[in-house]
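Peer 1: Here you go, sequence then predicted model.
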Amino acid sequence: MSVQGCDLFSQFWSHYPRRNGRPLTGKQTSLLLFRKLDEASQAACVQAAKHYRLASRPRPDGGFVPEPRDPERFLKKGWWEAWTEGPVLQCDFRVTPACTNPVEDGTSTCEPHRLYRAKLAARRA
């Protein structure tokens, strides 16, 4: 691994979100997985870690934010590829698996879940 590759991993590690403020674990395994990526993918992975950290912050309205995944799985399963474009806002509707519909502008949910919540509110009223 080049000197730039080591620097990229240290950037990745510093930007990756912590779970409840606890220190990250699995640095050696993550380093080995990071080394398997080519240099362009390593740079993209650093950007993905930055975007993932932004999306993992608690919401000001107290909405649900899932715990960040551990960095080993983030690299091993290629989850970082979904975060290279920018902070992806996920629907905060609590379903398993997580809702993958795009979030409407100015809201924290997708259109089907917003309509569902409005229907529930109308029934309660």
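Peer 2: That came in fine, so what should we check first?
Peer 1: Packing partners of the helix or strand of the chain with the lowest mean pLDDT?
Peer 2: Of all helical and strand segments in the chain, the minimum by mean pLDDT, DSSP states H and E falls on helix 3-15, at a mean of 80. Applying 3 or more CB pairs under 8 Å, 6 or more residues apart in numbering; DSSP states H and E, one finds that helix 3-15 makes contact with helix 27-35, helix 39-55. Using the backbone N, CA and C atoms, a C-beta is placed for each residue, glycine as well.
Peer 1: Ranked by average pLDDT, which of those falls at the bottom?
Peer 2: Lowest mean pLDDT of the helices and strands packed on helix 3-15: helix 39-55, a mean of 85.
Peer 1: Measure how that helix sits relative to helix 3-15, angle-wise.
Peer 2: An angle of 10 degrees separates the directions of helix 39-55 and helix 3-15 when computed by axes from the mean of the first three to the mean of the last three CA atoms, to 10 degrees.
Peer 1: Go ahead and flag the most central residue of the protein.
Peer 2: Central residue check for the chain by CA atoms, centre = their mean: the C-alpha nearest the mean position is that of Tyr52, 3.4 Å away.
Peer 1: Do I have it right that it meets Cys45?
Peer 2: No: under the criterion of CB atoms under 8 Å, Tyr52 lies out of contact with Cys45, with a separation of 10.1 Å.
Peer 1: Quickly list what's touching both of the two.
Peer 2: The contact sets of Tyr52 and Cys45 overlap at Trp80 (CB atoms under 8 Å, 6 or more residues apart in numbering).
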